[in-house]
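**Student:** fold the following.
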Amino acid sequence: MQRLYDFIRRHPTGVDTFWAVVLLGLSGVSVVADPSRGSERLPAVPIIIGLCLVVALRRRAPEKMLLLAVAMGVAQLVFGVGPSVANFAMLVITFTVATVGERWASRLALVCSLCAAGLSQLRWPNEPHGNWTQEVFVVIVMTVPFVLAWVLGDSMRTRRAYFDQLEERAARLEREREAQSKVAVAAERARIARELHDVVAHNVSVMVVQADGAAYVMDAAPDQARQALETISSTGRQALAEMRRLLGVLRTGDAQESGEYVPQPDVEQIEDLIEQVRQTGLAVDFKIEGTPRPLPSGVELTAYRIVQEALTNTRKHGGPDAGASVRLVYFDDGLGLLVEDDGRGAAHELYEDGGADGAGHGMIGMRERVGMVGGTLDAGPRPGGGFRISALLPLKPAH
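**Tutor:** Numbering: from 1, shown residues only. Presented below is the predicted three-dimensional model:
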């Protein structure tokens, strides 16, 4: 049965042609066998052939076949060819046009369906002087099948349109879901890149400074060299822990894997960060103004990374004997950050759009982080030398 159904779906015109041949045979037998149709047989032949052609090509050209069926019906009225089995084609084409035809063709089929039975009754009345109520009843009974065929076809058209709309909506949602997934992946990659930059730039910078110091005092002050090596070891462990946490999101089955995963840095760890920087030889003045209170995790991570990047830039570009100051100011509706240094600073072009040589990625990451929490960032040389970074992080995300 499934093979037969598949064959029928693959060859609709062939199936219609088969039924047209059957209809042609039945119509021919009925016309030849009816002795009362002696004078109608000659004009009935082209009309029957035309109606059978309507059935054969109804799905290939429904609008044209409807016009052909109307023409055959008019020819029947003009030449006096009475209804026969071939008129079943009019019922079929009405259903077909209502299902898949153009709207004008569907309306024309409905009008013809409402008029056909009445015209037929006027042209071939059952009794010359019959009761008019009986004639009206006959017209209604003959009209109902055509109207039902049209209603059934129109409902199938509506249902197909609804299913097509659902499929189109599902396809559109699938495309939107894929686009959102790509955007989310890109955003996650950017976030990981920023985190890795902060981790590597800060911790590796500390390790390089400590290693250079240890090599310098290795013979003269072994205790200081040992302390520098301990700082390198602890800083390296911290960097590995943070990198392990970041790279963990790229693995599959993280829940089953064991490892050391540390929480995201927050404002409370800024003091530890500054103490670590002081151990590298950079003098940092740290003050907190206002009343400390819990902040959104995004704001705390952004504040920590800004201070970390700013102090890293001071060590890189500040020069010898540079000093820095860090201010955290708790406002009612936000957190203010001010990081300044009195060093010689770097060329200002490094902090604008990555610079011509592609440097300055740390500042780009700062601006992206501040923008994600709806804050503002101002960075540039300060009067008297050095560099200043000022940021305001609101407690509520931007709309």
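**Student:** make it CA atoms for all contacts and neighbour counts henceforth
**Tutor:** Fine.
**Student:** what pLDDT is listed against the most centrally placed residue in the chain?
**Tutor:** Residue closest to the mean C-alpha point of the chain, counted by C-alpha atoms, centre = their mean, is E176 at 0.7 Å. According to the prediction, E176 has pLDDT 89.
**Student:** and what of the one 4 residues further on?
**Tutor:** The predicted local confidence for Q180 comes out at a pLDDT of 83.
**Student:** centre of the chain to the helix or strand containing it, how far?
**Tutor:** Counting by DSSP states H and E, the element that carries Q180 is helix 132-199. Remark: helix 132-199 is offset 16 Å from the chain centroid, using C-alpha atoms, centre = their mean, to the nearest Å.
**Student:** can you spell out which helices and strands pack onto it?
**Tutor:** For helix 132-199, the packing partners by 3 or more C-alpha pairs under 8 Å, 6 or more residues apart in numbering; DSSP states H and E come out as helix 88-100, helix 103-123, helix 222-248, helix 297-317, helix 361-372.
**Student:** beyond it, next helix or strand please.
**Tutor:** Moving toward the C-terminus from helix 132-199, the next helix or strand (DSSP H and E) is helix 205-217.
**Student:** that following helix - contacts with which helices or strands?
**Tutor:** helix 222-248.
**Student:** just checking, what packs against the helix it packs on?
**Tutor:** Contacts defined by 3+ C-alpha pairs under 8 Å, 6+ apart place helix 222-248 against helix 132-199, helix 205-217.
**Student:** which one of those lies nearest to A116?
**Tutor:** When the helices and strands packed on helix 222-248 are compared by C-alpha to C-alpha, helix 132-199 sits nearest A116, at 7.5 Å.
**Student:** which residue packs closest to I270, ignoring adjacent ones?
**Tutor:** Excluding the flanking residues, the one nearest I270 by C-alpha to C-alpha, 6 or more residues apart in numbering is Y304, at 6.0 Å.
**Student:** what about the residue lying closest to L24 once chain neighbours are set aside, helix or strand, and which?
**Tutor:** Leaving aside its chain neighbours, L24 sits nearest to C52 (6.0 Å; criterion: C-alpha to C-alpha, 6+ apart). Using DSSP H and E, the element containing C52 is helix 41-56.
**Student:** just the buried residues of the helix or strand just after that helix, please?
**Tutor:** For helix 41-56, the succeeding helix or strand toward the C-terminus, using DSSP H and E, is helix 62-79. For helix 62-79, a neighbour-count test (16 or more other C-alpha atoms under 10 Å) marks 62-63, 65-70, 72-77 as buried.
**Student:** roughly how far is helix 62-79 from the heart of the chain?
**Tutor:** In terms of C-alpha atoms, centre = their mean, the centre of helix 62-79 is found 50 Å from the chain centre.
**Student:** now what about it, what contacts it?
**Tutor:** Outside helix 62-79, the residues within contact range by C-alpha atoms under 8 Å, 6 or more residues apart in numbering are 40, 43-44, 47, 50-51, 53-54, 57-58, 81-83, 89-90, 93-94, 96-97, 100-102, 105, 109, 112, 120, 123.
**Student:** now with 6 Å, please.
**Tutor:** Here helix 62-79 makes contact (C-alpha atoms under 6 Å, 6 or more residues apart in numbering) with I47, V54, R58, V97, G101, A105.
**Student:** also stretch 232-243?
**Tutor:** M207.
**Student:** same deal with stretch 87-100?
**Tutor:** L51, V55, P62, S106, A109, F146, A149, W150, G153, D154, M156, R157.
**Student:** now, of these, which are buried?
**Tutor:** By neighbour count, with 16+ other C-alpha under 10 Å, the contacts of stretch 87-100 hold L51, V55, P62, S106, A109, F146, A149, W150, G153, D154, M156, R157 as buried.
**Student:** can I get those in CSV including distance to T314 and pLDDT?
**Tutor:** Converted to CSV, the buried ones among the contacts of stretch 87-100 look like this (distance: C-alpha to C-alpha, whole Å; pLDDT from 0 to 100):
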residue, distance to T314, pLDDT
L51, 93, 90
V55, 87, 91
P62, 80, 91
S106, 79, 91
A109, 84, 91
F146, 89, 91
A149, 84, 92
W150, 82, 93
G153, 78, 91
D154, 76, 91
M156, 74, 91
R157, 72, 91
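**Student:** take those and write them to CSV, including distance to T235.
**Tutor:** Output for the buried ones among the contacts of stretch 87-100, formatted as CSV (distance: C-alpha to C-alpha, whole Å):
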residue, distance to T235
L51, 92
V55, 86
P62, 80
S106, 80
A109, 85
F146, 87
A149, 83
W150, 81
G153, 77
D154, 75
M156, 72
R157, 71
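**Student:** from those, which is closest to D378?
**Tutor:** R157 (62.2 Å).
**Student:** how about the closest one, what does it touch?
**Tutor:** T99.
**Student:** name the helix or strand for V22, please.
**Tutor:** Using DSSP H and E, V22 falls in helix 12-33.
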